[in-house]
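*Asks:* 3D, please:
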Amino acid sequence: MDIYSFINSGDVADYCREIGKTWNPFEMAVIIGRSAHSRMADRHKAWRELIERHPDMPTPAAEMYPSYGSLHQKLAEVIGYEERALELFVTPEEGSFYVHEISDSSMFGRDETFASYEYALAKLKHDLRYMRGWVRDRVTDIGMTKCYIGSRHRIDCTFDVSCNVVRLNVAYCDERFPDIDFKNMLDLSTWFGHEGIYFVDIPVPFKRGDLLHMGRGSAFVLDKLCDREKMIVERSNESTGWGFFIDDNKTLHLGADYDNDRFEYYHGELKREEKILLYISMYLKGEIDLWALFMLQGKIIEEHGLKVGWSHGHEYGWGLELPQSVLDLEWPHVMPDPVIYSGIFWVIAEDSDLSDHQLLMFGIPCDSRGNITGAPDIQPNSMSGKTYNHKITWEAEVAGNDIHDPYNLNPYDYYPRGRVEIARRRATVFLNPRLNKPAIMDEIRLRFGLGNHELTKIRVVEDGSFRYKCFLDRTEE
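*Replies:* Here you go, the predicted model:
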């Protein structure tokens, strides 16, 4: 079973797979249950495999919810419960009818009623098949409800774009399940709700200033990730990420969003009013200073009469209104993205903690796919002809050069070093493990332009081999 495939964010799944993150059987069951994109049949198959191949264990207690003695037994109950719920949902009953829904962020459709599940499903498939492509791409929710005439009872079902059942909700139809302890099932549902009380540690790769989105939502710039485990223990706000975004009224806000394991890097085109997010990203990453941000803000306020006011109908409250004159500005000419560089570097320092250091770099300007875009300071000298060789570069440019006094007297492999490679909109930083420190990594990101929004990922590879060894490593040998 590929447990990573059940994580809601593809970028988070890739990161967990890359670092080899593992979970115990209960945590795996929760990850499977909270998977928003997996079909019900796939979740049941994964749970059955977990029962067959992984050891049993008690479930942890939380708040008023008890610990169950057998995870396997409870998973079997959940599977049986959902299968009975699905059977009831598709079975015709006197006085029942079906309504289907297709919606996205800007439209909501409730069609006519149907006497049977088969007719409603056929109409749902027909509507999806004959939608225009651009409309179908915007669909976020596909659902069907079984209603009962003269009763509050109903069963809600969600589907994927291929009309496979994803999830059932029978919270409003409990009286039709007399053969099970319904409260027990409600307790179990807390495992699988995305705001459930059980904390599962799912590491994420996101850093302050990253341009992200959740599902098919709008872009936002991450400010900070909250300590969700602490918030759950303290029973405080469940929001797990704070960031800047532009609302429908073209107002800039700092707000909260839920479940950072659903966040993904934003790869789409930004709308006019959203382009300011690129420069907020640059500021949060330290690529422009506060002075530059204040100068830009002051210029805009002075020239375009910005004002602070309430964004009517929006839950987050105060924000900065952006008038049309500002939205029409050519933002990239006001503050361009940093130039991306591939190349090599050394961290010049004599102390073991590297606190007092200087970053010496030789870079080649390139685009996000690694194509050279400008003339480098020195010509590439590697065998590939596209980058630099540490030894050749040091001996030609540093050794004996008074500009680099006094460290020019040392050999090329004396100081810790590394290189930056750019390909497929991703940056990979290979370096001596000693260099993987926040202050040094921030400087590498800044000097090599890795905050450019065209780059979707920065991967750091610690290489302790002879390739990057320095005097500090040899001293300890």
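
*Asks:* Domain-wise, how is this structure divided?
*Replies:* As assigned by automatic domain parsing, the chain contains the domains 3-88, 89-181, 211-334, 340-476.

*Asks:* For those, give me JSON lines that also has distance to residue 205 and mean pLDDT.
*Replies:* For the C-beta atoms, the positions are set from N, CA and C on the backbone; glycine is no exception. Converted to JSON lines, the domains of the chain look like this (distance: least, Cβ to Cβ, whole Å; pLDDT from 0 to 100):
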{"stretch": "domain 3-88", "distance to residue 205": "4", "mean pLDDT": "88"}
{"stretch": "domain 89-181", "distance to residue 205": "24", "mean pLDDT": "75"}
{"stretch": "domain 211-334", "distance to residue 205": "9", "mean pLDDT": "64"}
{"stretch": "domain 340-476", "distance to residue 205": "7", "mean pLDDT": "90"}
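
*Asks:* May I see the ones you listed organised as a markdown table, with distance to residue 202 and mean neighbour count added?
*Replies:* A markdown table is the format used below for the domains of the chain (distance: least, Cβ to Cβ, whole Å; neighbours: other Cβ atoms under 10 Å):
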| stretch | distance to residue 202 | mean neighbour count |
| --- | --- | --- |
| domain 3-88 | 6 | 17 |
| domain 89-181 | 20 | 15 |
| domain 211-334 | 4 | 16 |
| domain 340-476 | 17 | 17 |
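
*Asks:* a markdown table for the ones you listed, including distance to residue 204?
*Replies:* A markdown table is the format used below for those (distance: least, Cβ to Cβ, whole Å):
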| stretch | distance to residue 204 |
| --- | --- |
| domain 3-88 | 5 |
| domain 89-181 | 22 |
| domain 211-334 | 5 |
| domain 340-476 | 12 |
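
*Asks:* Leaving out chain neighbours, which residue sits closest to residue 146?
*Replies:* Take residue 146 and drop its neighbours on the chain: the residue closest to it by Cβ to Cβ, 6 or more residues apart in numbering is residue 155, 4.5 Å away.

*Asks:* Distance check, that neighbour against residue 168.
*Replies:* 6 Å (Cβ to Cβ, to the nearest Å).

*Asks:* and for the two, which residues touch both?
*Replies:* Contact criterion Cβ atoms under 8 Å, 6 or more residues apart in numbering; residues shared by residue 155 and residue 168: 85, 89.

*Asks:* Correct me if wrong: the residue nearest to residue 146 contacts residue 85.
*Replies:* Yes. Contact criterion Cβ atoms under 8 Å: residue 155 and residue 85 qualify, at 6.8 Å.

*Asks:* what's the overlap in contacts for the two?
*Replies:* 168, 170.

*Asks:* Pull the contacting residues for the nearest residue to residue 24 once chain neighbours are set aside.
*Replies:* Nearest residue to residue 24, sequence neighbours excluded (Cβ to Cβ, 6+ apart): residue 57, at 6.9 Å. The neighbours of residue 57, taking Cβ under 8 Å, 6+ apart as the test, are 24-26, 71.

*Asks:* Among those residues, which one lies nearest to residue 378?
*Replies:* residue 24 (53.0 Å; Cβ to Cβ).

*Asks:* Next, residue 459: secondary structure please.
*Replies:* Using DSSP: H, G, I helix; E, B strand; the rest coil, the structure places residue 459 in strand.

*Asks:* Run through the bridge partners of it.
*Replies:* For residue 459, the beta-bridge partners are residue 428 (DSSP bridges).

*Asks:* mind checking how far it is from residue 399?
*Replies:* 31 Å.

*Asks:* right, and residue 472 touches residue 414 too?
*Replies:* No. Contact criterion Cβ under 8 Å: residue 472 and residue 414 do not qualify, at 9.6 Å.

*Asks:* What residues does the nearest residue to residue 265 once chain neighbours are set aside make contact with?
*Replies:* Leaving out its chain neighbours, the residue that sits closest to residue 265 by Cβ to Cβ, 6+ apart is residue 456, at 4.8 Å. Neighbouring residues of residue 456 by Cβ under 8 Å, 6+ apart: 265, 267, 425-426.

*Asks:* nearest to residue 382, of those residues?
*Replies:* Among the contacts of residue 456, and counting by Cβ to Cβ, the member closest to residue 382 is residue 426, at 19.8 Å.

*Asks:* Tell me if I'm right that the closest one and residue 454 touch.
*Replies:* No. Between residue 426 and residue 454 there is no contact, the gap being 10.3 Å when judged by Cβ under 8 Å.

*Asks:* With adjacent residues omitted, what lies nearest to the residue of the chain positioned farthest from its centre?
*Replies:* Most distant residue from the mean C-alpha position of the chain: residue 400, 47.6 Å away (Cα atoms, centre = their mean). Once flanking residues are discounted, residue 400 sits nearest to residue 408: 6.2 Å by Cβ to Cβ, 6+ apart.

*Asks:* so the one you found, which of the three states?
*Replies:* Quick answer, by three-state DSSP: residue 408 is helix.

*Asks:* picking up where we left off before, kindly reformat the contacts of residue 57 as TSV containing secondary structure.
*Replies:* TSV is the format used below for the contacts of residue 57 (three-state DSSP):
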residue	secondary structure
24	coil
25	helix
26	helix
71	helix
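
*Asks:* will you turn those residues into a markdown table that also has distance to residue 53?
*Replies:* Below are the contacts of residue 57 laid out as a markdown table (distance: Cβ to Cβ, whole Å):
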| residue | distance to residue 53 |
| --- | --- |
| 24 | 14 |
| 25 | 9 |
| 26 | 15 |
| 71 | 13 |
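
*Asks:* quick one on the thing from earlier: right, so of the domains of the chain, which gets closest to residue 198?
*Replies:* The nearest among the domains of the chain, by Cβ to Cβ, is domain 3-88 at 5.8 Å.

*Asks:* hey, where'd the strands end up in the stretch 251-400 of the chain?
*Replies:* Counting by DSSP state E, counting those that start in this stretch, the stretch 251-400 of the chain has these strands, from start to end: 251-258, 263-265, 308-310, 318-321, 340-348, 358-366.

*Asks:* whoops, the stretch 1-150 of the chain was the one
*Replies:* In the stretch 1-150 of the chain, the segments counted as strands under DSSP E, counting those that start in this stretch are 96-103, 108-110, 141-148.

*Asks:* the inter-axis angle of the first one versus strand 141-148?
*Replies:* So that's strand 96-103. Angle, strand 96-103 to strand 141-148, by axes from the mean of the first three to the mean of the last three Cα atoms, to 10 degrees: 160 degrees.
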